[in-house]
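Undergrad: turn this into a model:
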Amino acid sequence: MKQVDYIIVGQGIAGTMLSWFLMKRGFSVVVIDDGKKNSASRVAAGIINPVSGRRFEPAWLYEEIFPFAKSTYDELSDLLKINILIERNLWTVFPSAQMRDAFKAKADKETNGKYAEIPQQLQYEEYLQQHFGAAVIKGATVNLKNLLPAYREMLISKEALLDEHFELSQLQLVDNVQVTYHHITAKKIIFCDGAAAASNSYFEAIKFLPNKGEVLIIRIPGLESSDIIKKSITLVPQPDGQFWAGSSFAWDYPDELPTAAQRAVLEEKIQQLLKVPYEVTDQRAAVRPSGHDRRPIAGFHPEYPLIGIFNGLGTKGTSLAPLMADHFSRVIAGETEIMPEISVNRYFNMPRQ
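TA: Model (predicted):
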């Protein structure tokens, strides 16, 4: 029987970051993950954006979140000998005069002026339809294609990975003092398994809003850029000269497979942005979880304190995960109280509908 402090279920960005900070604090972990190729973290482009929504509001806690994320990813880059975080501009094409005016109003206020500006002249005129101009927003991408497999190899080297699909029926709570799963015994288990948490019977009280996103991988002959290009669709440069183009949202879906209908939606948006021909080389789909209030979910079950969760990071996952995982690890170590904004208790304290 293998004995550890914590079992972590899932090795997307949430499970990667939480296991990392727990190990840094001296806890032993085993991560259970089957390497599902179309998990949300493995399909995502890893964008870090300092503003949110069509109103260009400052992202939640960004002044604290980004420096911490950069420091964390730089540390992991050195450890794993890979390039993880790349600071990039988001070349944001305005779809209307109203959006341009809204951006100008926000760029002059609060912290937005540090991260956003109107360029003196337009770039990409040969390639993009940008009748209402564009803005430059200072962001970044996290290379999840490098980070997740490299971190997985590190876990394997530490004998800290169980490469299999987690089966909830095999989990046992022993006298409310420890959990067992197959040959592993731990003090507690923490679920970081993305959309799978929506079907976890221990967390039925959480109002998850799982949605399916689809992306295309495209090649645009002649277009070379290190910028993220964003309009109603987002183009993210890939190491092989292609672009990640996404993503779509679907609330109702029969399965996790790519669809012709969503490809048509994505291609229509690409054609509204590009002046030039392009080639689709791949299509991918994943189901991503989020909470009803778009805040992370962390903590231990109020009735089953051996069972925890770290989930709901949503589209801001690569920016939120390092700071939130560090915070949760400090809560686990008894160094601080959990932030009310992310506490799982906010769901269990809500009146039942």
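Undergrad: can you list the domain ranges for the chain.
TA: The chain breaks down into these domains under automatic domain parsing: 2-43+146-207+292-348, 89-138+209-288.
Undergrad: and stretch 206-222, end to end?
TA: Stretch 206-222 has an end-to-end distance of 47 Å (CA to CA, to the nearest Å).
Undergrad: list the buried residues for that stretch?
TA: Residues 206, 208-218, 220 are the ones in stretch 206-222 that count as buried (16 or more other CB atoms under 10 Å). Placement of C-beta: from N, CA and C, glycine included.
Undergrad: closest one to Glu63 among the domains of the chain?
TA: In terms of CB to CB, the element of the domains of the chain nearest to Glu63 is domain 89-138+209-288, at 6.2 Å.
Undergrad: now the end-to-end length of the closest one.
TA: End-to-end distance for domain 89-138+209-288, by CA to CA: 25 Å.
Undergrad: go on, stretch 327-336?
TA: 8 Å.
Undergrad: same check on stretch 103-114?
TA: Terminal residues of stretch 103-114 are spaced 13 Å apart (CA to CA).
Undergrad: quick check: which ranges of this protein have low pLDDT?
TA: Applying pLDDT under 70 to the chain flags the ranges 53-55, 107-113, 291, 350-353.
Undergrad: in the helix ranked longest in it, which residues are buried?
TA: The longest helix of the chain (DSSP state H) is helix 62-80. In terms of neighbour count (16+ other CB under 10 Å), helix 62-80 has its buried residues at Tyr62, Ile65, Phe66, Phe68, Ala69, Lys70, Thr72, Tyr73, Leu76, Ser77, Leu80.
Undergrad: which non-adjacent residue is nearest the last one?
TA: Okay, so that is Leu80. Ala150 (4.3 Å; CB to CB, 6 or more residues apart in numbering).
Undergrad: with the fourth one instead?
TA: In space, Phe68 comes closest to Leu323 once its chain neighbours are excluded; the distance is 4.5 Å by CB to CB, 6+ apart.
Undergrad: next, the one you found: secondary structure please.
TA: Following DSSP: H, G, I helix; E, B strand; the rest coil, we place Leu323 in the helix state.
Undergrad: touching, Pro340 and Arg346? I think so.
TA: Yes. Applying CB atoms under 8 Å, one finds Pro340 in contact with Arg346, separated by 7.0 Å.
Undergrad: higher neighbour count, these two?
TA: Arg346 (18 against 9; other CB atoms under 10 Å).
Undergrad: shouldn't Val43 be in contact with Gln283?
TA: No. The criterion here is CB under 8 Å, and Val43 misses it with Gln283 at 10.5 Å.
Undergrad: list the residues that contact both of those two?
TA: Shared contacts of Val43 and Gln283 (CB atoms under 8 Å, 6 or more residues apart in numbering): Val215.
Undergrad: Ser169: neighbouring residues, count only.
TA: 5.
Undergrad: give me the residue at the spatial middle of this protein.
TA: Gly317 (2.7 Å; CA atoms, centre = their mean).
Undergrad: doesn't that one lie inside a strand?
TA: No. Gly317: not assigned to a strand; according to three-state DSSP it is helix.
Undergrad: quick check: chain neighbours aside, which residue is closest to it?
TA: According to CB to CB, 6+ apart, the nearest residue to Gly317 is Ile13 (4.9 Å).
Undergrad: distance check, the one you found against Ala321.
TA: For Ile13, the distance to Ala321 equals 5 Å [CB to CB, to the nearest Å].
Undergrad: who touches both of the two?
TA: Leu313.
Undergrad: just the terminal-to-terminal distance for stretch 178-190.
TA: By CA to CA, one end of stretch 178-190 lies 12 Å from the other end.
Undergrad: quick one on the thing from earlier: what about the residue nearest to Leu80, neighbour count?
TA: 18.
Undergrad: distance-wise, check it relative to Ile82.
TA: Ala150 is 5 Å from Ile82, by CB to CB.
Undergrad: for Glu126, same thing?
TA: 34 Å.
Undergrad: neighbour-wise, which of the two wins?
TA: Neighbours per residue, other CB under 10 Å: of Glu126 and Ile82, the larger number sits with Ile82, 15 against 9.
Undergrad: so which residues of the stretch 151-300 of the chain form helices?
TA: Secondary structure of the stretch 151-300 of the chain, counting by DSSP state H, counting those that start in this stretch: helices at 260-273.
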